[in-house]
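S.K.: Let me see the structure of the following:
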Amino acid sequence: TAARALGLRAYAAAHTPDGRRRLAATLGDPAAAVTVSGLLTGTEGPGRDGDGALALDLLAVVDAPQLDVESGAVLVESLADGSRLVLSGDPGVLGSAGAGQVFADVLAARACPQPASRTPDPGPIGELVSGIGIGELNQVAAPGKEVVIVPVRDAGEAVHRTVQLVADSVPRAIGVPVPDIQVITPGHGGLAGTRALNTALKERLNPGPGRFGGFDPGDRAAYTPEPGRTVPGTVVSADADGLHLDCAGTPVVVPKDRVEASVRHGWALTAHQAAALRWPAVVVVLPGDAAGGLNRPWIYTAFGRGERHLSVVHGVDQALPHAVAEVPGPQRTTRLRTLLRPAAVRDDTP
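M.R.: As a prediction, this is how the structure comes out:
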């Protein structure tokens with residue numbers, strides 16, 4: 001906003017249509033908010049100048065940990081000499097599903113200024129997530145049921161309690177409607193993975209024959225237009241052109257021959273799929289068979305997706321505090337950090 005007031009061609013980019021919508025509301029200027037993919041393909045934003053560079057002076061990318069090395073390279077190559085790039089994000093969240101760790105490498109190389117301005121989310125959820133970020137799983141006071149722990153004995157009970165929370169308990173007790181509740185679980189497979197949970201949630205929330213490639217109007221959907229990028233939406237209809245989705249107010253048509261490979265039901269997502277997204281209420285499912293795969297970034301990301309309410313369907317016993325305190329997450333090996341360090345050294349030379 002300040003840059004635009006100075007007459008600069010400034011834009012802010014998110015990774016999803018929902019992120020773009022939130023940016024537009026924050027900026028008070030829908031024209032200034034774009035998605036990274038829309039900016040690069042030319043369907044959003046200022047377009048390109050005569051030399052093929054993006055016609056802008058300043059670009060701020062939010063949720064920058066989700067920027068993989070391929071998208072990051074294309075983005076940087078698309079900027080004209082003299083333009084400015086700001087990468088903004090929480091280094092504690094899960095990184096991109098695609099290759100590389102652009103944001104982490106830029107931070108580690110200290111190749112550019114790094115002002116720290118993170119303000120924790122308010123309330124019990126913010127207090128809980130902030131503690132997780134430094135390796136502490138604290139019990140927090142939640143007088144308004146902002147945080148609820150639901151113990152379960154096995155995966156079957158985890159699925160049952162999750163459906164109960166989404167369909168009844170959270171809407172009734174917290175006042176968050178079903179469309180604003182998201183389920184997050186560690187993986188797609190298993191007795192309480194996204195496939196099992198989505199099957200159970202569809203049966204309860206939107207039963208139907210699945211006549212459009214397994215989908216019915218009203219189904220929650222998770223669309224993957226390209227590897228590593230998930231866009232939540234709702235099924236509207238289907239016709240000869242393909243499956244019609246509403247993705248945060250943006251109409252999307254998935255061609256019939258791509259539906260099976262690129263669209264899943266979306267009541268339940270993995271934390272990687274949910275990393276750049278937020279919802280009023282989130283139900284995190286931790287079945288017993290997930291205990292060995294938990295780590296601090298996963299828990300930090302999953303628990304931090306809820307704005308007003310977090311329910312944890314808890315079947316991993318002491319594996320949860322152990323993962324928060326002792327398992328910092330797998331390290332990725334890339335060359336970007338090494339390549340950036342010479343530039344950082346040159347910048348520091350008197």
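S.K.: okay, CA-based contacts and neighbour counts for the rest of this
M.R.: Noted.
S.K.: So which residues of the chain form strands?
M.R.: Along the chain, counting by DSSP state E, strands occupy 10-14, 33-35, 58-61, 84-87, 147-151, 181-184, 220-226, 229-239, 242-247, 250-254, 263-265, 268-269, 279-286, 306-314.
S.K.: Would you tell me which one of these is buried the most?
M.R.: strand 268-269 (a mean of 30; mean count of other Cα atoms under 10 Å).
S.K.: so what strands line up beside that one?
M.R.: strand 181-184 (parallel) (DSSP bridges).
S.K.: List the contacts of the closest residue to Leu75 other than its chain neighbours.
M.R.: Residue nearest to Leu75 in three dimensions, not counting chain neighbours: Leu40, with 7.0 Å by Cα to Cα, 6 or more residues apart in numbering. The neighbours of Leu40, taking Cα atoms under 8 Å, 6 or more residues apart in numbering as the test, are Val74, Leu75, Ser78.
S.K.: One more: Ser311?
M.R.: Residues counted as contacts of Ser311 (Cα under 8 Å, 6+ apart) are Val147, Val148, Ile149, Val150, Val282, Val283, Val284.
S.K.: Now for the residues you listed: which two are most distant?
M.R.: Farthest-apart pair in these is Val150 and Val282; separation 13.0 Å (Cα to Cα).
S.K.: Relative to Ala240, how far out is the closest residue in space to Gly190 that isn't next to it in sequence?
M.R.: Among residues not flanking Gly190 along the chain, Ala196 sits closest, at 7.4 Å (Cα to Cα, 6+ apart). Using Cα to Cα, to the nearest Å, Ala196 is found at 30 Å from Ala240.
S.K.: ok, now Thr338?
M.R.: 50 Å.
S.K.: and if you look at Pro177?
M.R.: Note on Pro177: its distance to Ala240, by Cα to Cα, is 33 Å.
S.K.: Those two: which is more packed in?
M.R.: Taking neighbours as other Cα atoms under 10 Å, Pro177 and Ala240 compare with Pro177 leading, 15 against 7.
S.K.: so who does that one touch?
M.R.: Pro177 makes contact with Val170, Pro171, according to Cα under 8 Å, 6+ apart.
S.K.: The spatially closest residue to Pro227 that is not a sequence neighbour: what's it in contact with?
M.R.: Excluding the flanking residues, the one nearest Pro227 by Cα to Cα, 6+ apart is Gly98, at 7.0 Å. Neighbour list for Gly98: Asp68, Val69, Pro227, Gly228 [criterion: Cα under 8 Å, 6+ apart].
S.K.: what pLDDT does Gly98 get?
M.R.: On pLDDT, Gly98 comes in at 85.
S.K.: what do you get for the one 3 residues further on?
M.R.: What the model reports as pLDDT for Gln101 is 91.
S.K.: ok, it - contacts?
M.R.: Contacts for Gln101 (Cα under 8 Å, 6+ apart) come out as Pro65, Leu67, Asp68, Val69, Gly95, Arg332, Thr334.
S.K.: just the buried members of the residues you listed?
M.R.: The neighbour count (16 or more other Cα atoms under 10 Å) marks Pro65, Leu67, Asp68, Val69, Gly95 as buried among these.
S.K.: how close does the fourth one get to Ala275?
M.R.: To Ala275, Val69 is 17 Å away according to Cα to Cα.
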